[in-house]
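> Sequence and computational prediction follow.
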Amino acid sequence: MPFTFSPIGIIRSPYSDKFGIPRQPGLVTAASAYLELLPDFAREEAFKGIEGFSHVWLVFVFHDACLTAGWRPTVRPPRLGGRERVGVFASRAPYRPNPIGISAVEHLGLEHSPHGLRLRLRGVDLLDGTPVLDLKPYVPYADAPPGVRSGFAVDGAAAHDWAVDFSPAAAAGVAAADPGGRRQLRLLIEQVLAQDPRPGYMDRYPGRAGFALRLYDLSVHWQVQGRTALVTAVGPAAASDRAAQIPIPFDCNPDNDNDNDNDNDCI
């Protein structure tokens, strides 16, 4: 039986490209975002009482390429090095029979903007423009029961926790792009790169040291130097930066066994 749902709002986040999005919410606390509510749902009474909860569940659609790329019954999670397969229903991979995701994020309350009513969020792991179908309060006694098992996703220790340094040129680029520090741009870059956003299969390409990703309307270039990510440049994004963003050429079709970047957003 088919169902049709309409989004209640759209996410506005720093992540203007898939490459660089943290694999789970809460890993990058400097990632401030908004849920811009669509007119039919921009009603403050619909949020009465939400101030008593610190976090909410977002039920969203993996839009973009996920809507048309199809799915397969097994995926290769980056936590397992991108080599071992598990069932799609034992993962949080975005390419699913129904491309629906959930994300537990901190909310900072409602506010009015020129675009209407919006909910402030922190620690998001969602692409800018993500449609949100619903939100519900996070309730610890029910949502975090004691004694749970988490399979191969044992804890947050899988984060690489790299050191992140900035060249003088990159530091100047950050200062120019975020002069008042409102966007916490330097901290955002540090937290994103500390997670090592590269796909799990990058050990196949040991000679690749330079990368780039987009945050907001900016291009962030960095080099891998041992256990350190050295940020070399931060500036306005250009179409020519795209080749540096993608670690290797890939096809988002999940049936293509020559690539597992399509599994990159799972646990």
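Okay, I see it.

> Tell me how many other residues surround the closest residue to H112 other than its chain neighbours.
Of all residues not flanking H112 in the chain, R118 sits nearest, at 7.8 Å (Cβ to Cβ, 6 or more residues apart in numbering). To be clear about C-beta, it is placed using only N, CA and C from the backbone, and glycine gets the same treatment. Counted by other Cβ atoms under 10 Å, the residues lying close to R118 total 19.

> Y138 contacts A104, correct?
Yes - between Y138 and A104 there is a contact at 5.3 Å, judged by Cβ atoms under 8 Å.

> what touches both of these two?
Listed as contacting both Y138 and A104 by Cβ atoms under 8 Å, 6 or more residues apart in numbering are H55, V56, W57.

> residues contacting the last one?
To tie it back to what came earlier, the one meant is W57. Taking Cβ under 8 Å, 6+ apart as the test, what W57 contacts is I102, S103, A104, L135, K136, P137, Y138, D143.

> Please, which helix or strand holds it?
W57 belongs to strand 55-61 when assigned by DSSP states H and E.

> Switch the shared contacts of Y138 and A104 over to CSV; also include pLDDT and distance to I8.
As requested, the shared contacts of Y138 and A104 are exported to CSV (pLDDT from 0 to 100; distance: Cβ to Cβ, whole Å):
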residue, pLDDT, distance to I8
H55, 97, 18
V56, 98, 12
W57, 98, 13
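
> Distance to A238 added to the residues you listed, as JSON lines?
Formatted as JSON lines, the shared contacts of Y138 and A104 follow (distance: Cβ to Cβ, whole Å):
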{"residue": "H55", "distance to A238": "37"}
{"residue": "V56", "distance to A238": "36"}
{"residue": "W57", "distance to A238": "37"}
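
> pLDDT below threshold where in this protein?
Regions of the chain meeting the criterion pLDDT under 70 cover residues 66-67, 81-82, 154-161, 200-204, 239-267.

> biggest strand in it by residues?
strand 100-113 (DSSP state E).

> Tell me which residues of the helix or strand that comes right after that strand come out buried.
The element immediately downstream of strand 100-113 (helix or strand, assigned by DSSP H and E) is strand 116-122. Buried positions in strand 116-122, judged by neighbour count with 16 or more other Cβ atoms under 10 Å: L117, R118, L119, L121, R122.

> Same question for stretch 181-194.
R183, Q184, L185, R186, L187, L188, I189, E190, Q191, V192, L193, A194.

> The strand holding W57 pairs with which strands?
strand 100-113 (antiparallel), strand 131-137 (antiparallel) (DSSP bridges).

> looking at these, which is closest to Y216?
Closest of these to Y216 is strand 100-113, at 16.4 Å (criterion: Cβ to Cβ).

> export the closest one as CSV, just CAs?
Taking Å, rounded to 0.1, in the frame of the first residue of the first chain, the C-alpha atoms of strand 100-113 are listed here in CSV:
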residue,chain,number,x,y,z
ILE,A,100,13.9,7.7,5.3
GLY,A,101,16.3,8.5,8.1
ILE,A,102,16.2,9.6,11.7
SER,A,103,18.5,11.9,13.6
ALA,A,104,18.6,12.9,17.3
VAL,A,105,19.8,16.5,17.6
GLU,A,106,19.8,19.2,20.1
HIS,A,107,17.2,22.0,19.6
LEU,A,108,17.7,25.5,20.9
GLY,A,109,14.2,26.8,20.5
LEU,A,110,12.0,28.6,17.9
GLU,A,111,12.8,31.9,16.4
HIS,A,112,11.4,34.1,13.6
SER,A,113,13.5,35.0,10.6
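
> list the buried ones in it?
In strand 100-113, residues buried by neighbour count (16+ other Cβ under 10 Å) are G101, S103, A104, V105, E106, H107, L110.

> Could you provide those in JSON lines, with additional columns for distance to P2?
JSON lines is the format used below for these (distance: Cβ to Cβ, whole Å):
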{"residue": "G101", "distance to P2": "20"}
{"residue": "S103", "distance to P2": "25"}
{"residue": "A104", "distance to P2": "28"}
{"residue": "V105", "distance to P2": "29"}
{"residue": "E106", "distance to P2": "34"}
{"residue": "H107", "distance to P2": "32"}
{"residue": "L110", "distance to P2": "33"}
